[in-house]
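K.L.:
Next come a sequence and a model predicted from it.
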Amino acid sequence: MADRLVAGQGREEDATLDNSLRPRKLADFVGQGAVKENLSIAMQAAMQRGEPLDHVLFYGPPGLGKTTLASVIAAEMGVNIKVTSGPAIERAGDMAAIITGLRAHDLLFIDEIHRLNRAVEEVLYPAMEDFFLSWVMGKGLGARTINLKVPPFTLAGATTRFAAVAAPLRSRFGMVYRLDFYDQQAIQTLLRRSASIFGVTIAADGVEEIARRSRGTPRIANRLLKRVRDYAQVVADGTITGDVAKKALSMLEIDRLGLDQVDHRVLNAIVEKYDGGPVGLETIAASINEEADTIMDVYEPYLMQLGFLARTPRGRVATRLAYQHLGVPYKEQPAAAQASLWQEKEA
């Protein structure tokens, strides 16, 4: 899963790629217009009052720019940013050490904030509300409470699973923004910007071809651009045209809608092995040798967004659009399955 070119999750190679392409100003950040407008007003108001920005939580699918937005906020506000992640903070003392190391108005960014353990969250609550740390050191008769005032700071959190963030923690964020998938126009604008930074010549049809297969995700778009750039440099004259992009992405087994080999395996398992469904998630997982949670969290969302897959009370069902994309004659579902699918859509 981690090696998929069309996976929104970060890969090792993305670290250098993200740093070179990451915008430094809000005006250079492509897409998410409503979020940018609200953030701009909030930042200007905070700077006019001489206060830190209110705590902000970003949520949405991976690869849409949550970390980038946190970096932009710090740059626009003229403050330092400390970056960490939920799994990296194991003990309450670790969180206390991070917070006490911040200066006034600094920004603390916690990625995968839903993975913080409850003991660490307890340290965060008074720090977010009153800029005050309180925790217990030691055990039994030797235990003592330590109270410490900390400078006012901004906590920026990012998560792909908003519902998994504890309710008390969610309630302490003054601003909560959902980042949505990008439309084709926004992805094309982003690709032109990235191509200019790479120093690559790219034609309009080349931009369209890559954008069409980027699944509305900037991280995937930049990753595909990098691979197509390599192909154009070695096989073509260095210019990315529509034909060059199409050949390069076909070699990578990424079709015109951004589906890769694993996506096709999921669809083919439902269509060919189980007559289009309905079929249970565990059965699909066993037939393609994948974890059920991986299918539900990683593969299904985009297939459902395309309208290729539907969840019903009886299991997963491949839609007419999925049959058309695979080039397989559509099979009418039994009346009972159609009724279940209709009830699910109505619900």
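P.N.:
Right, received. Where do you want to start? Numbering: from 1, shown residues only.
K.L.:
ranges for the strands of the stretch 1-150 of the chain?
P.N.:
56-59, 81-85, 107-111, 132-137, 144-149 (DSSP state E, counting those that start in this stretch).
K.L.:
by contact count, what packs against whatever helix or strand residue 286 lives in?
P.N.:
Taking DSSP states H and E as the definition, one finds residue 286 inside helix 281-288. Identification of packing neighbours for helix 281-288 by 3 or more Cβ pairs under 8 Å, 6 or more residues apart in numbering; DSSP states H and E yields helix 261-268, helix 292-294, strand 315-318. Bear in mind the C-beta positions are built from the backbone N, C-alpha and C, glycine included.
K.L.:
if we can go back for a sec, what's the closest of the strands of the stretch 1-150 of the chain to residue 210?
P.N.:
Among the strands of the stretch 1-150 of the chain, the nearest to residue 210 by Cβ to Cβ is strand 56-59 (25.4 Å).
K.L.:
Averaged pLDDT, the closest one. What do you get?
P.N.:
What strand 56-59 shows for mean pLDDT is 92.
K.L.:
Check the offset of that strand from the chain's centre.
P.N.:
12 Å (Cα atoms, centre = their mean, to the nearest Å).
K.L.:
what sits up against it?
P.N.:
39, 66, 69-70, 73, 113, 154-162, 165, 170, 173-179 (Cβ atoms under 8 Å, 6 or more residues apart in numbering).
K.L.:
these two touch, right, residue 189 and residue 30?
P.N.:
Yes. Residue 189 is in contact with residue 30 according to Cβ atoms under 8 Å; the separation is 5.2 Å.
K.L.:
Against residue 312, how distant is the residue nearest the centre of the chain?
P.N.:
What sits nearest the mean C-alpha location of the chain, by Cα atoms, centre = their mean, is residue 62, with 1.2 Å. With distances taken as Cβ to Cβ, to the nearest Å, residue 62 is found 27 Å from residue 312.
K.L.:
again, but for residue 237
P.N.:
For residue 237 relative to residue 312 (Cβ to Cβ), the value is 51 Å.
K.L.:
hang on, residue 323 packs against residue 270?
P.N.:
No. Look at residue 323 against residue 270 with Cβ under 8 Å: they stay out of range, at 10.3 Å.
K.L.:
Show me whatever sits in contact with both of the two.
P.N.:
With Cβ under 8 Å, 6+ apart, residue 323 and residue 270 have common neighbours residue 276.
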